[in-house]
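Peer 1: This is a predicted model, with the sequence first.
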Amino acid sequence: MPGLAAKPIVDILLAVEDSGNEASYLPALEEAGYVLRVHEPDFEEHRTFRTPQKDVHVFSAGSKEIRRLLLLRDHLCESERDRELYARTKRELANRDWPSVDHYADAKTGVVEGILVRAAAGPSQQD
C-alpha cells in the first residue's frame, strides 16, 4: 500500500485447511523455493516460510489471527492517523539493534494492539 512503511519483503497470508498438517502444503512451498523458518504450534499452528523477498505466513482457514491481520491491514488503509503512527513506530524500532526479529516484533506489539482496538471499534474511531 502506498505510504505504508514496510520492510523490502512482501508478506503473504496463506490459509490452508489445517496448518498443523504440514504434509498437505509444505512440499509445494519448498518446491517453490520457500524455506520453513518459523514453527509455532502453540500460536494457532502458525508457520512462516521465507525467501529473500517474501514471507509466507500460514494459518488454518478460520483462524482468529487471519481476521486480526486483515483488520489491521484494512484499518491502516483507511486511517491516516494510525498509518502514520504505525510507520513512525516501525522507523524508530528499525533504528535499534535487536537480538532477534522476535524482539523487534514484541517491541511494536503495544502499538499494533492499540491500532487493532480502534479498528475493531469501527469508523467512529478513524480520522
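Peer 2: That came through, no problem.
Peer 1: ok now the longest helix seen in the chain, how far from the chain's centre?
Peer 2: Longest helix of the chain, by residue count under DSSP state H: helix 101-121. Relative to its parent chain, helix 101-121 has a centroid offset of 10 Å by CA atoms, centre = their mean, to the nearest Å.
Peer 1: And stretch 53-73, by the same measure?
Peer 2: On CA atoms, centre = their mean, the centre of stretch 53-73 falls 6 Å from that of its chain.
Peer 1: Which residues outside it are in contact with it?
Peer 2: 1, 8-20, 25, 29, 34, 43-50, 112, 115-116, 119-120 (CB atoms under 8 Å, 6 or more residues apart in numbering). To be clear about C-beta, it is placed using only N, CA and C from the backbone, and glycine gets the same treatment.
Peer 1: Can you give me the domain boundaries for this structure?
Peer 2: 10-60, 64-121 (automatic domain parsing).
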